[in-house]
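Chemist: take a look and give me a structure for this.
(3 chains)
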Amino acid sequence: MEKLPLGLALDLRNVVPYKTGSWRTLKPLYLMQTPPCSHSCPIGNDIRGFLRTLADQKDYEAAWRVLTRTNPFPATCGRVCPHPCEDGCNRRDFDTPLAINSSERCVGDYGLDNHLEHKKDVLTQRKEKIAVVGSGAAGLSCAFHLAKRGFKVKIYEAEHEPGGMMRWGIPAYRLPKEVLSREIDNILKLGIELECNTKVGVNIPMDQLTGHYDAVFLGLGAQKGVSIGVEGQDSRGVFTGVGFLKDVHSGRKVQLGRDVVVVGGGNTAMDCARVAKRMGANVSVVYRRTRNEMPAITAEIDEALEERIMFRYHTNPVKIITDDGRVVGLMCVQMELKEADASGRARPVPITGSESVVPADTVIMATGQDVDYEGLDLAKRENKWVSADEQYMTSIPKVFAGGDAVLGLETVSAAIGQGFRAAMAIEDMIDGQTEGHLARPPVVFSRDLNTYYYQQKRRFAKEAIPVHERLKSFNEIYPAFDRDEILTESSRCFSCGLCFDCGNCLMYCPDNAVKVTQGGGRYEFDYDFCKGCGLCVKECPCHYIQLTLEK
Amino acid sequence: MLKQIEGSHAVADVVALCRPNVISAYPITPQTHIVEGLADIVESGKLDAEFVNVESEFAAASVVLGASAAGARTYTATTSQGLLLMTEVVYCIAGMRLPIIMTCANRAISAPLNIWNDQQDSMTVRDAGWIQMHAEDNQEAADLHVQAFRIAEQTHLPIMVCMDGFILTHAFEPVDVPDQKQVDDFLPPFKPRHIVDPRWPRGIGLYADPRFYMETRYILHRALEKSEDTIREVSAEFAKAFGRNSGGLVKPYKLEGADLVIVTMGSVVGSVKELIDRLEAEGKKVGLLQICSYRPFPKQEVYKALKDKQNIVVLEKSVSLGRGGVLASDVRWSFPRSDKTDRHISCFVAGLGGRNISIDDLRFMVERVEKEPVDLEFLGLKKDIIAEKDL
Amino acid sequence: MEIKAEDLNRVEKKDLFASGHRACGGCGQALAARLVADAAGENTIACVATGCLEVFSSPYPDPSWRIPFLHSLFENSAAVASGVEAAYKALKKGPVNIIAQGGDGSTADIGFQCISGMFERGHNVLYVCYDNEAYMNTGVQRSSFTPLGARTTTTPTGNKTRKKNLPLIAADHGIPYVATATVDDFRDLQRKVKKALAIEGPKYLHILAPCPLGWGHTGDLTVLMCRLAKDTCIFPVYEIVEGKVTNVQKVPNKKPVEEYLKLQGRFRHLFKKGVPTEPVAAIQEIANQNIEKFNL
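Modeler: Below you'll find the predicted structure:
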């Protein structure tokens, strides 16, 4: 033991501090959590990652790299996705959710403007070959992820151009064809082969693929228009929704009348109505329930209303009235809504004696879509959609499927997500990997955050060109966004569940038990001294710290 | 230089010559003239020091504590009530081993209020860990201050120089006040042992839990015991440098062949010496042992001086109420248990509250103890004003 | 003395008040002392009074101070600091920051004499008071800083007097700088320390430092307590520069005092069923007076 210094006056330079960490009953840990935006995103994009990259590093290229790790279609999704991420955004409970969708589009556009190219994840090429059927969102996504992992991929596309519903279904004012084509080309640049005009099941049999390839992915989509079965639907001037859109988007001449009635309430119906409007027609939409039950995304319905498209709710077609084989009107009956049916929506029941005729020379039946199973023998679910298990495998071994064909009519993002996860499942199958992957950490909710440190800040508002301008052409409704405004918007991101160096834990620890990690901006706990008081947990704005029981 | 000067001012002049850096004191009768003298010296520029006018003795002691811990040579002065008020700090200063010099102008303690001299005040803090030295006259009072700075800075112990209030402080006597060069030659610059300074970070005033506290008290006790050597040495060197005998541990006077020895301290020594001279002329042999250093109590010196004496009377200006004489207890304790002689040690408490001790009173005391030993007696007590029935 | 804006606003994190002290987990005073020491920097001498701070930070042989500190008694840190300052002046050493620190008692009660003397004499010392609203170190007894209605061990049915307003008393001594601060806004606190140390003369900084044990809340709510004290206008944050109140931190979203009181065990008796509401109303009245006086 040291001898007592004179007067107990102690030299402070060699003090061995007392390890107060021994007092602890609870221990803080830095634990990354899942933000609700990624949790809501069907692709599982690292939204927090790309937004914080923009906010902290102001680097669009780095943000693009983060985003395209999972999503090869940022410019596309930034235009067409209904952004469930924004519905999940925790900032929604503080002031307004982040404008994630607009940020994604801005990042995607930056990538296109600067010709950024995708990079593979691995250095070595794998010997396995995978065939992908269909170059829609699901197929291209699956091909992209497999190519990034080093596999050899070949896509078989039935049409003359790739893109699937993104090209044939979504109109140019929502998704310019050039944006789509350039994003697709960028994906193919990873070394993916594309053979168009080849319909699997018709031009080549399925077993040629299963025999030649180590795995097959089916991104068939649901591109067959289905009518509800109305008398007169075979007349001239009657189209299916997808058929009409495909004709327009292939550049074929379409005989559209002046008074168009669109039947249906989904995205396809909205697209048909708004395309017809731009082609100069008077358009109305007929739907048997109300707006609340329409499956179309909110933005589409709102924009259709802005474009002066008339909506007739509670209206169901009964018969197409023709004269000399041409459509002259649509007889409709009024419906009333009774208790919910199997879909969970109110059941429409016709009101007898309420029939009336809507004058029309064109009827577009956007009332359903089916998978085209021609030449394919696959097990089905509900007798409609492709049946696939949790590993995305169909009834045929080594044949996987995803997208609209499996889920039913869903979004582009959902299909991209399916293609992504199917690619991982394919890789697992090839590697013989049977153990599951680590589950993602739990989600952070707004009640877990400490928002005291934030001020209310105005959300980025995208400006649309005026309605009368819109209808003159098929140009994009929303012109390019200001990159600086998006940088400002991204700084509103709360970084839920991941440290963003605010320094609160560092400054608030009464025991100096938070240290800056050597060689990096992040922090670590000094467990020799941490007393487990939990101040850091309470003051962390993004719930990155949690307390566990000390052993 | 020999001056006819009031005791307080002699002390003030001499303290200024010792070059203190920080002086802080709160005025209280009878120390006021020391403080005023120093204020004048500092304000006139004769001494380059900080004079801090504080709001109480407690603050004064705290200020010099802080200043000493920061490396300054410091000085304060007080008495009686003021000393009691700063008792907390007095103990603290000793525990921190800060070499602070204080003049205690001994005065009686309230209640009842009494501003005149006795030594009860410094007695109250005799256990605090300070060296306590008592001056016989104003010359010794002045000299003790010069020695005190040197002793304190060498032993790292604070020193209380006690001089009887009014009797010494307000008396005009010839005092040889040294000049600056003499003092500078005798007193080297202050080299503090530990200071608060950001260049060498130290903690002063840590708290000691039961594992360590006892050892710190033991160390202080041993330090005080050991300081007897330094006190003796410095007194001898002072004698060499200044040519007069001041300070030290004890000073015997006509002890050779004395049948009775008076043991006392402070200004009453002068009167006792006068009586002894007169008695010697009358053929009586009485001696004096002046205690100069009261703490540390020089028990070996006392024993050495008194071991052959049978009749000893201790005359003191303090009393431990409910027990008896304080100095007498210390003197009695100087004799080892193995000492089995037929020794009588009497105790007379005198001069409390400034009561005059005349030569006649002293003569009476001598005659009393020549007849029989006295355990405890209050010299010159006015029995007729005491209501024995209504204590 | 001028201080550059970048120096004033920089957040300081050094280890001048290091780990290993024995404060309770979540102690507001430990946090405040750490922030003050870091803001003051290495060229500082801390004169500490007896109290929680001294007891948990300066045991032999492992104190947690890394700047020189001087502790003597409970009530004399201001006088000791005056002595240190006088010594530095007399020895012509320095310049050095001298910070006297104390809690409720050492500042406003038993130490009031010394702090008043130090202010009046004009020493170049910053006095920092860690206000935890009771004598916490000796077991949560009432002090003159204990607010109205608070339960302490010596006021078991609630304190009957209002809090002594030491910042205004300090300002009335004519000192150049007085400020109040809380531990939740560490930027503001450190800025005030630096600003004070750049001014010659006596300065007073009054920091609200919640005590989880004494106030009756868990250690992780210390920062929240300060925030609520500000938002309910019970503790106004302001500066007094050369005698004029300035830089008042306005409270745009004022909250009723119940939100602050309900979270603390020491006020729980005010909300028991059947207890009259006058005490809470009286506390709200104090908050209202603050709003008016400081234009919060």
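Chemist: okay, CA-based contacts and neighbour counts for the rest of this
Modeler: Fine.
Chemist: what pLDDT does the nearest residue in space to A:Ile430 that is not next to it in sequence get?
Modeler: Spatial nearest neighbour of A:Ile430, excluding adjacent residues (CA to CA, 6 or more residues apart in numbering or on different chains): A:Asp214 at 7.7 Å. A:Asp214 carries a pLDDT value of 93.
Chemist: C:Met1 too?
Modeler: For C:Met1, the predicted pLDDT is 66.
Chemist: same thing with A:Gly432?
Modeler: 89.
Chemist: and for it, the neighbour number?
Modeler: Using other CA atoms under 10 Å in any protein chain shown, A:Gly432 has 9 neighbouring residues.
Chemist: ditto for B:Glu388
Modeler: By the criterion of other CA under 10 Å, B:Glu388 has 8 neighbours.
Chemist: on the three-state scheme, it is what?
Modeler: Classification of B:Glu388 using DSSP: H, G, I helix; E, B strand; the rest coil returns coil.
Chemist: pretty sure C:Gln113 is touching B:Glu55, no?
Modeler: Yes: between C:Gln113 and B:Glu55 there is a contact under CA atoms under 8 Å: 7.4 Å.
Chemist: if I read this right, the residue nearest to A:Ile430 contacts A:Lys129, doesn't it?
Modeler: Yes: with contacts counted by CA under 8 Å, A:Asp214 reaches A:Lys129, the gap being 5.6 Å.
Chemist: and the residue lying closest to A:Leu12 once chain neighbours are set aside, its phi and psi?
Modeler: Counting by CA to CA, 6+ apart, A:Leu12 lies nearest to B:Arg202, which is 5.1 Å off, once chain neighbours are set aside. Phi and psi for B:Arg202, reported as degrees, to the nearest 10, are phi -130, psi 150.
Chemist: model confidence for B:Arg202, exactly?
Modeler: So, for B:Arg202, pLDDT stands at 93.
Chemist: again, but for A:Thr517
Modeler: At A:Thr517, pLDDT is 88.
Chemist: got the end-to-end distance for stretch A:445-453?
Modeler: With CA to CA, to the nearest Å as the measure, stretch A:445-453 spans 17 Å from end to end.
Chemist: pLDDT on that stretch, on average?
Modeler: 91.
Chemist: who touches it?
Modeler: Contacts with stretch A:445-453, where a contact means CA atoms under 8 Å, 6 or more residues apart in numbering or on different chains, come from A:35-36, A:90-91, A:93-94, A:496, A:538-543.
Chemist: can you map out the strands along the stretch 1-150 of chain A?
Modeler: Listed in chain order, the strands of the stretch 1-150 of chain A (DSSP state E, counting those that start in this stretch) span A:10-11, A:26-30, A:129-133.
Chemist: just those strands: most buried one?
Modeler: A comparison of the strands of the stretch 1-150 of chain A by mean neighbour count, using mean count of other CA atoms under 10 Å in any protein chain shown, puts strand A:129-133 on top with a mean of 25.
Chemist: tell me what that strand is packed against?
Modeler: If contacts are counted by 3 or more CA pairs under 8 Å, 6 or more residues apart in numbering or on different chains; DSSP states H and E, strand A:129-133 sits against helix A:137-148, strand A:152-156, strand A:215-218.
Chemist: quick one, which of the ones you listed gets closest to B:Leu38.
Modeler: With respect to B:Leu38, and counting by CA to CA, the nearest of the helices and strands packed on strand A:129-133 is helix A:137-148 at 90.0 Å.
Chemist: before we move on, the earlier item: filter the contacts of stretch A:445-453 to the buried ones?
Modeler: Burial by neighbour count, 16 or more other CA atoms under 10 Å in any protein chain shown: within the contacts of stretch A:445-453 this picks out A:35-36, A:90-91, A:496, A:538-543.
Chemist: could you dump those residues to a markdown table with distance to C:Leu189 and pLDDT?
Modeler: Conversion of those to a markdown table gives the following (distance: CA to CA, whole Å; pLDDT from 0 to 100):
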| residue | distance to C:Leu189 | pLDDT |
| --- | --- | --- |
| A:Pro35 | 33 | 95 |
| A:Pro36 | 35 | 95 |
| A:Asn90 | 31 | 95 |
| A:Arg91 | 29 | 95 |
| A:Cys496 | 28 | 94 |
| A:Lys538 | 20 | 94 |
| A:Glu539 | 17 | 94 |
| A:Cys540 | 19 | 94 |
| A:Pro541 | 20 | 94 |
| A:Cys542 | 24 | 93 |
| A:His543 | 25 | 94 |
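Chemist: point me to the residue of the stretch 151-296 of chain C nearest chain B.
Modeler: Of all residues in the stretch 151-296 of chain C, C:His173 sits closest to chain B, at 14.3 Å by CA to the nearest CA.
Chemist: report pLDDT for that residue.
Modeler: pLDDT, C:His173: 96.
Chemist: so what's it up against?
Modeler: Contacts of C:His173 by CA under 8 Å, 6+ apart are C:116, C:119-120.
Chemist: and of these, the nearest to chain B?
Modeler: Distance to chain B across the contacts of C:His173 (CA to the nearest CA) is lowest for C:Ser116, with 8.6 Å.
Chemist: just the element for the closest one, please.
Modeler: Using DSSP states H and E, C:Ser116 maps to helix C:112-121.
Chemist: what's that helix packed up against?
Modeler: helix C:77-90.
Chemist: residues in contact with the helix it packs on?
Modeler: B:21-22, B:48-50, B:52, B:59-60, B:62-72, C:47-49, C:71-72, C:94, C:98-102, C:106, C:111, C:114-115, C:117-118, C:123-125, C:127.
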